[in-house]
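Asker: Generate a structure from the sequence data that follows.
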Amino acid sequence: EVQLVESGGGLVQAGGSLRLSCAASGFTFDDYAIGWFRQAPGKEREGVSCISSSDGSTYYADSVKGRFTISSDNAKNTVYLQMNSLKPEDTAVYYCAAGPTCGIGDYWGQGTQVTVSS
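Answerer: Okay, here's the model as predicted:
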């Protein structure tokens, strides 16, 4: 059974940090790109960051460049999203997804809430 389980969300003040984790199982981790997406109330889902498990190449949305860092621990089949200098506009439900390339999600996690207070 394919599973993606996010954790690490929570409530933080503006300027603070959180680290999200996405633990994957049930598929060949090295064959997939793992991406983080987010959806705020009343807004469309947007891609935040992505990493290719095979070669480690990364992608960041312009809105998070310089503040978020994605990394992968292939031994643990886990992808992390370190989020620094958080802003209220980063408030959203964050989902991780696995797909053949960045931007495509064949498998999705259940999401974790991130709330940044001003």
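Asker: Can you report how many residues lie near Lys76?
Answerer: Neighbourhood size, Lys76 [other Cβ atoms under 10 Å]: 12. Every C-beta, even on glycine, is put in place using the N, C-alpha and C of the backbone.
Asker: where does it land on pLDDT?
Answerer: pLDDT, Lys76: 95.
Asker: Assign Glu89 to helix, strand or coil.
Answerer: Secondary structure assignment for Glu89 (DSSP: H, G, I helix; E, B strand; the rest coil): helix.
Asker: got a list of what it touches?
Answerer: 40, 63, 116 (Cβ atoms under 8 Å, 6 or more residues apart in numbering).
Asker: In strands, which of those appear?
Answerer: Val116 (DSSP state E).
Asker: Tell me what the residue minimising distance to the centre of the chain is bridged to.
Answerer: Central residue check for the chain by Cα atoms, centre = their mean: the C-alpha nearest the mean position is that of Trp36, 2.8 Å away. For Trp36, the beta-bridge partners under DSSP bridges are Ser49, Cys96.
Asker: quick one on the thing from earlier: which of the contacts of Glu89 has the most neighbours?
Answerer: Val116 (20 neighbours).
Asker: Now do it, the pLDDT please.
Answerer: pLDDT at Val116 comes out at 98.
Asker: With Tyr32 instead?
Answerer: On the pLDDT scale, Tyr32 gets 93.
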